[in-house]
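Novice: model this:
(one chain, ligands or ions: 1)
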Amino acid sequence: MTGDKLLEIEDLHVSVEGRAVLKGVSLSVGEGEIHALFGPNGSGKTTLLNTVIGFSRYKITRGAIYFKGRDITGATIDERARLGVGISFQRPPTIKGVTLRSLISFGSPNLSREEIEKTAAKLDAEEFLDREINAGLSGGEMKRTEMLQIILQSPELVCLDEPESGVDLENMALIGKAARIALGRDSFDGAACRRSIKSRRADYKSGLIITHTGQIMDHLYVDKGHVLMNGEIVCSGNALELLGEIRSHGYTECFRCAGCERSEG
Ligand SMILES: Nc1ncnc2c1ncn2[C@@H]1O[C@H](COP(=O)(O)OP(=O)(O)OP(=O)(O)O)[C@@H](O)[C@H]1O
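Specialist: Have a look, this model is predicted:
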């Protein structure tokens, strides 16, 4: 374990409903780094994020997860949230009888009403604060409320599961800005941009982002990418290069390439 690693995943095997989904994933995210996760449908990307978050239905059968040097493999979802792990879901659930405002206040009791409303207004999400969580919201509206929650929660590790899904092109710029803010790269008033790169870096949060289209990468510099296939990371490297390869040759080529490397190694 090195001091600058925020998240370290070692040989992670995970089963969901008795089915082995992750089969030996190892990955580490340094402090202030953003990593992208690519992979075909059903390869295990959401399973990986939800396991890091700590949902109990994802059973870790082998391996370990460390956060800030601490073994959190057996920690509950609440303990992990308190330590600084946060997520914006791909398909957030509808929660009847609970308003978004009360959920935010429950998770972050120190936030003032004004702070919540000001941030919601910036994300064009004010009108959703007093509605039941995600009830009747469009895909894009849900993403805005998810980004609102993660900005206000301000976790040290920001996990985003397909932030662009269901978002139109105009709103994508807003989601991109919200992602930059959640990751400590920007602020609503632009103040962050006026500081030196060195002083800004101190505010950087770490991120693990699932993306199919890579659209979020038009708005955010991603340090590293990983391709997950059939529950294993088959390739890691420069995120933009990987995305380019996937766009040009598809995942079949990743699988073939990984097979070559294994037989060569
Ligand atoms: N609760 C569950 N019960 C049974 N199988 C599950 C459950 N959750 C996930 N799986 C299975 O685990 C596999 C991986 O699913 P996961 O959602 O992690 O994939 P993904 O890479 O995120 O896919 P996508 O790109 O389509 O979102 C899939 O085959 C899925 O059907």
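Novice: with only the CA atoms kept, save stretch 185-201 in CSV.
Specialist: Coordinates of each C-alpha in stretch 185-201 appear next as CSV, following Å, rounded to 0.1, in the frame of the first residue of the first chain:
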residue,chain,number,x,y,z
ARG,A,185,-12.0,20.8,-10.7
ASP,A,186,-14.4,23.8,-11.0
SER,A,187,-16.9,25.9,-9.1
PHE,A,188,-20.2,27.5,-10.2
ASP,A,189,-18.8,31.0,-10.1
GLY,A,190,-15.6,30.0,-12.0
ALA,A,191,-13.4,31.0,-9.0
ALA,A,192,-11.5,27.7,-9.1
CYS,A,193,-10.3,28.5,-12.7
ARG,A,194,-8.8,31.7,-11.6
ARG,A,195,-6.4,30.0,-9.2
SER,A,196,-3.0,28.4,-10.1
ILE,A,197,-3.0,24.8,-11.2
LYS,A,198,-0.9,23.9,-8.2
SER,A,199,-3.4,25.4,-5.7
ARG,A,200,-6.3,23.9,-7.6
ARG,A,201,-4.8,20.4,-7.4
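Novice: same question for it, mean pLDDT?
Specialist: Averaging pLDDT along stretch 185-201 gives 77.
Novice: contact residues of this structure facing the ligand?
Specialist: 16-17, 19, 21, 39, 41-47 (C-beta under 6 Å from any ligand atom). All C-beta spots, glycine's among them, are computed from the backbone N, C-alpha and C.
Novice: and the strands in the protein?
Specialist: Secondary structure of the chain (DSSP state E): strands located at 5-16, 19-30, 34-38, 58-67, 70-71, 85-88, 95-99, 132-133, 157-161, 206-210, 224-229, 232-237.
Novice: out of everything not next to it in sequence, what's closest to the residue nearest the centre of the chain?
Specialist: Most central in the chain under C-alpha atoms, centre = their mean is C159, positioned 1.8 Å from the mean C-alpha point. Distances taken as C-beta to C-beta, 6 or more residues apart in numbering place I87 nearest to C159, at 4.2 Å, with adjacent residues excluded.
Novice: all set, thanks.
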